[in-house]
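Trainee: starting from these lines, generate the structure:
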Amino acid sequence: MRLAALSIPLLILALPGCQSAPDLATLPHATIAGTHVDVDGDRFDTFRVVAIDGRDVLPVTDQPVKLIGHDATNLLAAGQGARIEVEGFAFFNGTGHRMFFDPMRAQGVVEFVPAAGATYSVHGTVAPEASSVWIEDDATHAPVGRKIVVPGRAASGAAGASSGVQTMRSGGA
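Mentor: Residues are numbered from 1 along each chain as shown. Below is the predicted model:
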């Protein structure tokens, strides 16, 4: 009984610290969405948001096979810097392809300041030589932030980086 009597005041004191973040839909915001490309019926190239400002946005049980063709949309606070972790990868329907082929993956972080009312989407290319992923403004089709490029296994080893392009190892941030 005494333990319960002590825990009630502690609970009351802790509740103000549990305030939730404001709902972005009620504030000025932008929208970002993933994309995918049906390459040949067996391979789908998927480009998606993994995390926003360090907060995971993928389902807890991430199963890309169940999300093919269903590109997720997320809200971003407008007018303030956003740190978006993105990835692009090839997904194969066939189990043999998934087990033995190079997944051709690019992953990294893009930082930019979203504009109110703007829509953005994640795009990229997936190839044995190199894979890349970037965020585009849907109205202008111009890239925002930096483009992430990851050399593939078939790359000759000579990786040249141009301005605004970050070259990283597969899976790096």
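Trainee: what stretches of the chain score poorly on pLDDT?
Mentor: Scanning the chain for pLDDT under 70 picks out 1-22, 24-25, 61-70, 97-99, 102-103, 155-173.
Trainee: cutoff 50 now
Mentor: Counting by pLDDT under 50, the chain contains low-confidence ranges at 11, 15, 158-173.
Trainee: element containing the nearest residue to L58 once chain neighbours are set aside?
Mentor: Leaving aside its chain neighbours, L58 sits nearest to V50 (6.0 Å; criterion: C-beta to C-beta, 6 or more residues apart in numbering). Quick note: C-beta positions are derived from backbone N, CA and C, even for glycine. For V50, the host element (DSSP states H and E) is strand 43-52.
Trainee: what are the pairing partners of that strand, and which direction each?
Mentor: strand 35-38 (antiparallel), strand 55-56 (antiparallel), strand 82-92 (antiparallel) (DSSP bridges).
Trainee: list of residues touching it?
Mentor: 32, 34-39, 56-58, 64, 67-68, 71-72, 74, 76, 82-93, 97, 107, 122-126, 133 (C-beta atoms under 8 Å, 6 or more residues apart in numbering).
Trainee: returning to what we had before: just name the most buried of the strands paired with strand 43-52.
Mentor: Highest mean neighbour count of the strands paired with strand 43-52: strand 82-92, a mean of 21 (counted as mean count of other C-beta atoms under 10 Å).
Trainee: sorry, back to before: distance to A142 added to the strands paired with strand 43-52, as a markdown table?
Mentor: Shown next, in a markdown table, are these (distance: least, C-beta to C-beta, whole Å):
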| stretch | distance to A142 |
| --- | --- |
| strand 35-38 | 16 |
| strand 55-56 | 26 |
| strand 82-92 | 16 |
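Trainee: of these, which is nearest A139?
Mentor: strand 35-38 (15.6 Å; C-beta to C-beta).
Trainee: keeping just the C-alphas, turn that closest one into PDB.
Mentor: Provided in PDB are the C-alpha atoms of strand 35-38 (Å, rounded to 0.1, in the frame of the first residue of the first chain):
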ATOM      1  CA  THR A  35       9.800   5.900 -55.200                       C
ATOM      2  CA  HIS A  36      10.300   2.600 -57.000                       C
ATOM      3  CA  VAL A  37      11.000   1.400 -60.500                       C
ATOM      4  CA  ASP A  38       9.800  -1.900 -61.900                       C
END
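Trainee: where do the strands of this protein begin and end?
Mentor: 29-33, 35-38, 43-52, 55-56, 73-77, 82-92, 105-112, 119-125, 130-137, 143-151, 165-167 (DSSP state E).
Trainee: many thanks, I have nothing further to ask.
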